[in-house]
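[1] Sharing a model that was predicted from the sequence below.
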Amino acid sequence: MDAILAPDIILTPSAAARVATIAAKQGKPAILRLSVDGGGCSGFQYKFGFAESVEADDAIAEHDGVRLVVDSISLDLVRGSAVDYVEELGGAAFKVTNPNAASGCGCGSSFSV
């Protein structure tokens, strides 16, 4: 496997703990995939899902045995980001703090560069 350890994307302890909890309940590997798709109200949108395995071109951030994987194309748009899990009055969700985003939308799930 030629996956790259990605020091330029971070999985926070809170996000790692949430991924581990969900993966254990579902009997799946603790691998969260972040990808970026065109669309959303600002041009690009974040997409999260659980992965069964790491792909050859994935960048990997790891915390406490939990992996965050990002494909090479999406990595260009999220390099330097942190993926966190936040619980707020409006609900709980994975959140990307992306220094590359020039603007975003109110829901926090889409951005432009």
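    Good, I have the coordinates.
[2] can you map out the strands along the protein?
    4-5, 10-11, 31-39, 43-50, 59-63, 66-70, 82-88, 91-97, 103-104, 110-112 (DSSP state E).
[3] Can you tell me what sits against the third one?
    Surrounding strand 31-39, the residues in contact under the criterion CB atoms under 8 Å, 6 or more residues apart in numbering are 9, 11, 15, 19, 23, 44-54, 66-71, 73-74, 77-78, 83, 94, 96, 110. In this view, the C-beta of every residue, glycine as well, is placed from N, C-alpha and C.
[4] same check, this time on the second one
    By CB under 8 Å, 6+ apart, the residues outside strand 10-11 that reach it are Val19, Leu32, Ala61, Glu62, His63, Val66, Arg67, Leu68, Ser81, Ala82, Val83.
[5] show me the contacts for the fifth one.
    What it means is His63. For His63, the residues meeting the contact criterion (CB under 8 Å, 6+ apart) are Leu11, Thr12, Pro13, Ala15, Ala16.
[6] shaky segments in the chain?
    1-7, 39-42, 102-113 (pLDDT under 70).
[7] do that again at 50, thanks
    Counting by pLDDT under 50, the ranges of the chain that qualify are 1-3, 110-113.
[8] now the contacts of strand 31-39: which count as buried?
    Neighbour-count burial (16 or more other CB atoms under 10 Å) applied to these gives 9, 11, 15, 19, 23, 44-46, 48, 51, 54, 66-70, 74, 77-78, 83, 94, 96, 110.
[9] Could you measure from the residue lying farthest from the centre of the chain over to Tyr46?
    For the chain, the residue at maximal distance from the C-alpha centroid (CA atoms, centre = their mean) is Leu89, at 21.7 Å. The span separating Leu89 from Tyr46 equals 21 Å under the rule CB to CB, to the nearest Å.
[10] And for Val96?
    As defined by CB to CB, Val96 lies at a distance of 5 Å from Tyr46.
[11] Residues in contact with both of those two, list them for me.
    Taking CB under 8 Å, 6+ apart as the contact definition, Val96 and Tyr46 share the neighbouring residues Leu34, Val78.
[12] Which members of the contacts of His63 are the farthest-apart pair?
    For these, the farthest-apart pair by CB to CB is Leu11 and Pro13; their separation is 8.3 Å.
[13] Thank you, goodbye.
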